[in-house]
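# need the 3D shape of this:
(one chain, ligands or ions: 1)
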Amino acid sequence: MRILFRLGLGLSLYFLFTMPLQARCGGVLALVPPGLRIGTDQHLNLSTSSHTYAPGEPGSDNPYSYEFLEAASPFIQAGKSILILGAGSGYEAIAIAKKFPSVSITASDISNDALRDLEINLEEYGLSESVRVLKSDLFNDLKGEKFDVILFTAPRPLCPDLLRLGPLDAIRLVSSLSRCTSNFDSWGTIHERALTQFEEHLSLGGSLILLTDKRFPHSKFVSPQIKKTVLGEGLWTPNHEKDGHFQIVRFH
Ligand SMILES: C[S@@+](CC[C@H](N)C(=O)[O-])C[C@H]1O[C@@H](n2cnc3c(N)ncnc32)[C@H](O)[C@@H]1O
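So this is what the prediction gives:
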């Protein structure tokens with residue numbers, strides 16, 4: 001009887017403390033042991049042409065793809081369907097496909113150069129059959145399709161990066177990021193377009209995970225509707241506070 005009482009008390013305390021934590025955004029991330037995170041053991045060797053964004057190593061000046069995947073990994077589980085928008089040379093697609101062979105992955109990009117590199121890298125890792133590759137301007141060629149998780153590492157603004165770098169590294173970063181903007185989108189409009197369209201492509205209970213910047217929802221170019229979505233329902237992961245970059249995670 002006493003054992004049952006203690007067990008009941010233990011379980012109640014566990015739920016009392018962990019449920020509110022999980023209901024808040026950051027708590028979900030904190031509950032994942034590092035070993036389960038996708039990015040921790042992924043130092044991928046990717047070929048990137050001169051026109052394609054080259055993700056940097058963890059600890060480098062350009063670790064965003066790696067850190068993004070770290071933050072997104074609690075949402076990626078076996079059996080889920082994942083859309084990677086702006087898949088570039090394949091960092092997320094390859095890391096996820098290696099870790100979770102049963103995840104269904106669609107990797108899309110607007111750039112022909114990126115798609116060529118993506119296919120070369122998938123081939124190199126023996127994953128060509130595991131990842132569906134598609135050319136699309138955001139969701140334009142994904143009409144009627146739904147996914148459990150949508151990842152988007154959109155092109156980002158340069159200022160915070162440039163200010164903290166020396167001149168040579170700054171030039172290198174500008175040249176790298178200039179390869180990842182599409183022709184007609186500024187940073188604000190690409191986020192705005194993605195946030196306007198994503199809902200019809202998420203399965204029930206799905207998540208959009210977007211790499212962005214904490215200044216984004218306050219920009220005067222962002223519509224009141226998107227401001228409301230981001231500030232009201234967007235959940236900001238805390239791990240990029242140091243340099244102002246955040247991910248929004250939103251449950252549908
Ligand atoms: C910062 S790079 C990230 C690449 C990759 N996810 C990674 O982390 O290595 C952004 C990618 O978004 C793609 N992109 C830009 N505008 C896009 C659009 N409108 N629709 C789809 N992809 C787009 C670029 O071609 C580029 O490959």
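
# and the longest strand for this structure?
Looking across the chain with DSSP state E, the single longest strand is strand 202-213.

# so is that one next to the ligand?
No - using CB under 6 Å from any ligand atom, strand 202-213 stays clear of the ligand, with a minimum separation of 7.9 Å. Where C-beta positions appear, they are placed from N, C-alpha and C, glycine not excepted.

# now do that strand, average pLDDT.
Throughout strand 202-213, pLDDT has a mean value of 82.

# buried ones in that strand?
For strand 202-213, burial by neighbour count (16 or more other CB atoms under 10 Å) applies to 202, 206-213.

# which residues touch S203?
81, 146-148, 252 (CB atoms under 8 Å, 6 or more residues apart in numbering).

# now, these that are in strands?
Among those, DSSP E puts 81, 147-148 in strands.

# so which of those residues comes closest to I96?
Set against I96, the nearest of these by CB to CB is S81 (11.3 Å).

# neighbours of the closest residue to that closest one other than its chain neighbours, just the number please.
Closest residue to S81 apart from its sequence neighbours, by CB to CB, 6 or more residues apart in numbering: S104 at 4.4 Å. S104: 16 surrounding residues under other CB atoms under 10 Å.

# about what we covered before: would CSV of the ones in strands among the contacts of S203 with distance to K228 and pLDDT be doable?
Shown next, in CSV, are the ones in strands among the contacts of S203 (distance: CB to CB, whole Å; pLDDT from 0 to 100):
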residue, distance to K228, pLDDT
S81, 28, 97
F147, 24, 96
D148, 24, 93
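
# closest one of these to the ligand?
Proximity of those to the ligand (CB to the nearest ligand atom) peaks at F147, which lies at 14.6 Å.

# which residue sits closest to that closest one in space, ignoring its chain neighbours?
In this structure, F147 finds its nearest non-sequential neighbour in L83, 4.2 Å apart by CB to CB, 6+ apart.

# element containing the one you found, please.
L83 is located in strand 81-85, with elements delineated by DSSP states H and E.
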